[in-house]
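A.B. asks: how would this look folded up:
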Amino acid sequence: MSVLKSKLFSKYIFLLLGFVFIISTSADMSDKDTNAKLKAIFIYNFTKYIEWPATSKSGNFKIGILGDYSSLKEELTKMASVKKVGLQTIEVVSYNSVNDVKDAQIIFITESKNNSIGGVLGKIAGKSTLVLCDTESMAKKGAGISFFTAENKQKFALNTANVTKYNLKLSSTLTKLAAVVH
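C.D. replies: All right, here's what the predicted structure looks like:
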């Protein structure tokens, strides 16, 4: 009888430990912003399908984030530690307000700062900067690319006119992958 109790007790402990592991793994996964990781990958891949003019190819390749999106900054910073854009080191900077916005090849405007797009566009006039937003409708309001979710998938809208007016050249591959808006 004691052997049977011992086996049942072992199974009970094993199941209990498995249950604790599943709960702790689920809690850990919910703390991670998977959309931030996907957006960071998209942003890096955009650099492969958009060509900046020669004047933008010296110094660091700057990616600015207007607003608070610490998980995206963290993911981009991790990526910057192992990847480059051409020969350029990637530098990730944060901006709290439009007044802080400086030269950058890419500026990501968080959803909470959507109302700042006009100010950002004014600051980058005449510069070769790709403006990204976290809301689909912003591609119609001046952003070059806007992220959105459809059918539980991260997607992006592309406004070719808003990209090319900043002296950036688009690859036809990128336009095929995007939801093109005007």
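
A.B. asks: Am I right that Phe61 is in contact with Val92?
C.D. replies: No: if you go by Cβ atoms under 8 Å, Phe61 and Val92 don't touch, sitting 9.9 Å apart. Placement of C-beta: from N, CA and C, glycine included.

A.B. asks: where does Gly118 land in three-state SS?
C.D. replies: When classified by DSSP: H, G, I helix; E, B strand; the rest coil, Gly118 comes out as helix.

A.B. asks: Contact partners for it?
C.D. replies: The contact partners of Gly118, by Cβ atoms under 8 Å, 6 or more residues apart in numbering, come to Gly142.

A.B. asks: same thing but at 10 Å, please
C.D. replies: By Cβ atoms under 10 Å, 6 or more residues apart in numbering, the contact set of Gly118 is Val98, Lys141, Gly142.

A.B. asks: Equivalent analysis for Gly67, please.
C.D. replies: Gly67 sits next to 94-97, 108-114, 116, 134 when contact means Cβ under 10 Å, 6+ apart.

A.B. asks: what sits in contact with each of Phe61 and Val92?
C.D. replies: In contact with both Phe61 and Val92: Ala80, Ala104, Ile106, using Cβ under 10 Å, 6+ apart.

A.B. asks: Mind checking which of those residues are in strands?
C.D. replies: Per DSSP state E, strands hold the following members of the shared contacts of Phe61 and Val92: Ile106.

A.B. asks: Return the member of the shared contacts of Phe61 and Val92 nearest to Lys127.
C.D. replies: Nearest to Lys127 among the shared contacts of Phe61 and Val92, counting by Cβ to Cβ, is Ala104 at 8.7 Å.

A.B. asks: Please identify the helix or strand for the most centrally placed residue in the chain.
C.D. replies: For the chain, Lys39 is the residue whose C-alpha lies nearest the centre (Cα atoms, centre = their mean; 2.8 Å). Taking DSSP states H and E as the definition, Lys39 sits inside helix 34-49.

A.B. asks: what's the next helix or strand after that helix packed up against?
C.D. replies: Downstream of helix 34-49, the first helix or strand assigned by DSSP H and E is strand 50-51. Judged by 3 or more Cβ pairs under 10 Å, 6 or more residues apart in numbering; DSSP states H and E, strand 50-51 is in contact with strand 169-170.

A.B. asks: what's the spacing between the strand it packs on and its chain's center?
C.D. replies: 19 Å (Cα atoms, centre = their mean, to the nearest Å).

A.B. asks: got a list of contacts for it?
C.D. replies: Applying Cβ under 10 Å, 6+ apart, the contact partners of strand 169-170 are 46, 49-53, 128, 144, 158, 160, 163-164, 178.

A.B. asks: The very next helix or strand once past that strand - contacts with which helices or strands?
C.D. replies: Going down the chain from strand 169-170, the next helix or strand is helix 172-177, by DSSP H and E. In this structure, helix 172-177 makes packing contacts with helix 34-49, strand 153-158, helix 160-164, judged by 3+ Cβ pairs under 10 Å, 6+ apart.
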